[in-house]
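Enquirer: the sequence and its predicted three-dimensional model are supplied below.
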Amino acid sequence: MRKTFINTLVELAESDRRIVLLTGDLGYTVIEPFAEKFPDRFFNVGVAEQNMVGLATGLAEAGFIPFLYSIATFAVLRPYEFIRNGAILHQFPVRILGIGGGFEYGHAGTTHHALEDVGVMRIQPGITTIVPADYQQARSALLQTWDLPEPIYFRLGKDDINTIAGLNGNFVLGQTQLIGEGTDFLFITMGNITREVSQAMETLQDEGISSQVMIVSSFNPSPVEDLVKILPRFKVAIAVEEHYITGGLGSFVAEVIAEEKLNCRLLRCGIKNKPTSISGNRNYLLSLHRLSVEYLVQSAKIALQKR
Amino acid sequence: MNGNAIAKIILEQSKRAHVGHIGSALSIADLVAVLYGNILNIPSPDDGDRDRFILSKGHAVLAIYAALFLKGWISEEQLNTYCANGSLLGVHPEHELTGIDFSTGSLGQGLSLGVGAALAAKLDNSSRRIFVLISDAECNEGSLWEAIMFAAHHKLSNLIAIIDLNGQQAIGYTQDVLNLSPMRDRWQAMGWNVKEINGHDRAEIVQTINNLETTSGKPHVIIAKTIFGKGVSYMENQIKWHYFPMSDAEYQQALNEIATSVS
């Protein structure tokens, strides 16, 4: 996603000099296409995320559209108050690119795992959060939103190869995308783990359990109407996110179900435990937190038994 | 515009609204009077190529409201809404008010905003300058030093930071809380052009700023030695006037002292 995103940004920057790219000293082998093409609009600000966000606010006040690149934890959590008091409070078009949400930085450890970024951004009504499911959707999302006047947070994975079958890069701000035609239950997911969820859907299909995958790609605007329309068709919905179970996608779905009095049972799959020092790659950590394909299949079966 | 006119409005509005932060605002009254009266190039507050001004020590914004009023950019009626419900004139500046470039209030963020604004001016090939007024206590914030390093590295000589060096912070004196001296050496070591002045001396403020070379080289910092609560004897250098509102008797005395002092 991240390479596709930067390459798409290069295309946009060719025709709009307001686009500038800042990095907090990260993005080796990713940001070079922009840095080489627009050296006067590329700034490595150093390992200083607070200043990066603050100065982006100053740039945006003068009409620029700054894109800020860092690992999701450093892009969001370290400078969170700068984002709040800067781009959000002033409603400036600052774009924060948080790379590698969830366990994408596997072995790098807990400091590099963004498990609350969507939650802390979603609770700010003044910033749009976009969580593409694959690189094609990331490109569509950027092409549709790059010059919106408000700030945007993009949670971008590192996978620039795999795509979600049936998604075809479709993206509409504030709406969901549906995959599959099953009726037994509904998966609701976002971001990079959509791949595991769609694999779980296929495995279940082979075992005679049919489902659909609803992909949520944006908050603020959030796809409330789509949930209201589609959730009542199912008795069980399973929200899956590579994120803490509180504050993110599952919480959002629960809010909609409660407020709209929807008749659908919700199961939330996400990270439920406090942080540990255990190391591992993404697949290992997904298994550890019961989010791998096998566990998702198992969770679905249990949920269907309970309904 | 002179500091006494600003100080008088600070006292009137603080008394009317029954709020504090009086000492912090009086500390910068002379600096603000010179900036808005003699320095800032702002043909109109919505001119895209105007000089930018950021009050990083946002809690002293009453001094700025006074200047905006004296410039004629906000009305007396607006000024009199200071701290009223529904007003744009709160205890910290909000960008939706005419004449305020950036909202502030959380210390240590204003210089980063200024660095971005200065970089934008450079990218625009504009000669506009960026002024950021910060407090000495604000230099406790680590983020400020990130901005300091960036500005020097990128040679943002269109950026002028002014430190209101009054030696006080919210609940103590800077030398007791987190010693900041020697301030000059710290900024100089970071690659800035440093000037030290008396922050209440009109002529010195004007001359120092007018002599800055703002097209190439180093960013500038003016360390302005000031007196917290300047002009009101019982407030000067007293911690409690960071927070307290005035009684009727204190208000009268303060007005009398400001009226008879020379600015």
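Expert: Now that the structure is in, tell me what you want to look at.

Enquirer: and the closest residue to A:Ile209 other than its chain neighbours, how many neighbours?
Expert: Closest residue in space to A:Ile209, ignoring its immediate chain neighbours: A:Asp184 at 5.2 Å, by CB to CB, 6 or more residues apart in numbering or on different chains. All C-beta spots, glycine's among them, are computed from the backbone N, C-alpha and C. As a burial measure, A:Asp184 scores 17 neighbours (other CB atoms under 10 Å in any protein chain shown).

Enquirer: cool, and B:Gly37?
Expert: B:Gly37, neighbours per other CB under 10 Å, totals 18.

Enquirer: can you pull the contacts of the nearest residue to it once chain neighbours are set aside?
Expert: Spatially, and ignoring its direct neighbours in sequence, B:Gly37 is nearest to B:Met1 (3.3 Å; CB to CB, 6+ apart). B:Met1 sits next to B:Ala33, B:Val34, B:Tyr36, B:Gly37, B:Asn38, B:Ala67, B:Leu70, B:Lys71 when contact means CB atoms under 8 Å, 6 or more residues apart in numbering or on different chains.

Enquirer: which residues of the stretch 1-150 of chain A lie near chain B?
Expert: A:20, A:40-41, A:43, A:45-46, A:48, A:50-51, A:53-64, A:66, A:81-82, A:85-86, A:89-90 (CB under 8 Å from any CB of the partner chain).

Enquirer: if we go to 6 Å?
Expert: Contacts of the stretch 1-150 of chain A with chain B, taken as CB under 6 Å from any CB of the partner chain, map to A:48, A:50-51, A:54-55, A:57-59, A:62, A:64, A:85, A:89-90.

Enquirer: so which of those residues are in helices?
Expert: Judged by DSSP state H, helices contain the following of the residues of the stretch 1-150 of chain A next to chain B: A:Gln50, A:Asn51, A:Gly54, A:Leu55, A:Thr57, A:Gly58, A:Leu59, A:Leu89, A:His90.

Enquirer: contacting residues for the fourth one?
Expert: The reference is to A:Leu55. B:Ser112, B:Val115, B:Gly116 (CB atoms under 6 Å, 6 or more residues apart in numbering or on different chains).

Enquirer: okay, and the residue nearest to B:Ser157 when sequence neighbours are not counted sits in which element?
Expert: Spatial nearest neighbour of B:Ser157, excluding adjacent residues (CB to CB, 6+ apart): B:Gly217 at 4.7 Å. Secondary structure assignment for B:Gly217, by DSSP states H and E: no helix or strand.

Enquirer: dihedrals phi and psi, B:Gly217?
Expert: Per-residue torsions, B:Gly217: phi 110, psi -130 (degrees, to the nearest 10).

Enquirer: count the residues that sit near A:Asp25.
Expert: Residues lying near A:Asp25 (other CB under 10 Å) number 15.

Enquirer: and for A:Val236?
Expert: Neighbour count for A:Val236, taken as other CB under 10 Å: 18.

Enquirer: can you name the residues bridging to it?
Expert: Note on A:Val236: beta-bridge partners A:Arg265, judged by DSSP bridges.

Enquirer: that one contacts A:Ala303, doesn't it?
Expert: Yes - A:Val236 is in contact with A:Ala303 according to CB atoms under 6 Å; the separation is 5.2 Å.

Enquirer: give the contact list for residue 112.
Expert: Unless you meant another one, I'm taking chain A. A:Ile71, A:Tyr105.

Enquirer: my bad, chain B
Expert: Counting by CB under 6 Å, 6+ apart, B:Ser112 touches A:Asn51, A:Gly54, A:Leu55, B:Ala147.

Enquirer: gap between it and A:Gly270?
Expert: Applying CB to CB, to the nearest Å, the value for B:Ser112 to A:Gly270 is 34 Å.

Enquirer: show me where chain B has its strands.
Expert: B:52-55, B:130-135, B:159-165, B:168-169, B:172-173, B:193-198, B:220-225 (DSSP state E).

Enquirer: in PyMOL, how would I select the buried members of the contacts of B:Met1?
Expert: To isolate the buried ones among the contacts of B:Met1 in PyMOL, judged by 16 or more other CB atoms under 10 Å in any protein chain shown, type:
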select buried, chain B and resi 33+34+36+37+67+70
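
Enquirer: now the contacts of B:Met1 as a markdown table including distance to A:Pro275?
Expert: Output for the contacts of B:Met1, formatted as a markdown table (distance: CB to CB, whole Å):
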| residue | distance to A:Pro275 |
| --- | --- |
| B:Ala33 | 53 |
| B:Val34 | 53 |
| B:Tyr36 | 51 |
| B:Gly37 | 55 |
| B:Asn38 | 56 |
| B:Ala67 | 50 |
| B:Leu70 | 55 |
| B:Lys71 | 53 |
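
Enquirer: around chain A, which positions in chain B sit nearby?
Expert: So chain B meets chain A at B:95, B:103, B:106, B:109, B:112-113, B:115-117, B:120, B:143, B:146-147, B:150 (CB under 6 Å from any CB).

Enquirer: quick check: mean pLDDT across stretch B:31-46?
Expert: Across stretch B:31-46, pLDDT averages out at 98.

Enquirer: likewise for stretch A:70-82?
Expert: Averaging pLDDT residue by residue across stretch A:70-82 gives 98.

Enquirer: just the buried ones among the residues of the stretch 1-150 of chain A next to chain B, please.
Expert: A:48, A:50-51, A:54-55, A:57-59, A:62, A:64, A:85, A:89-90.
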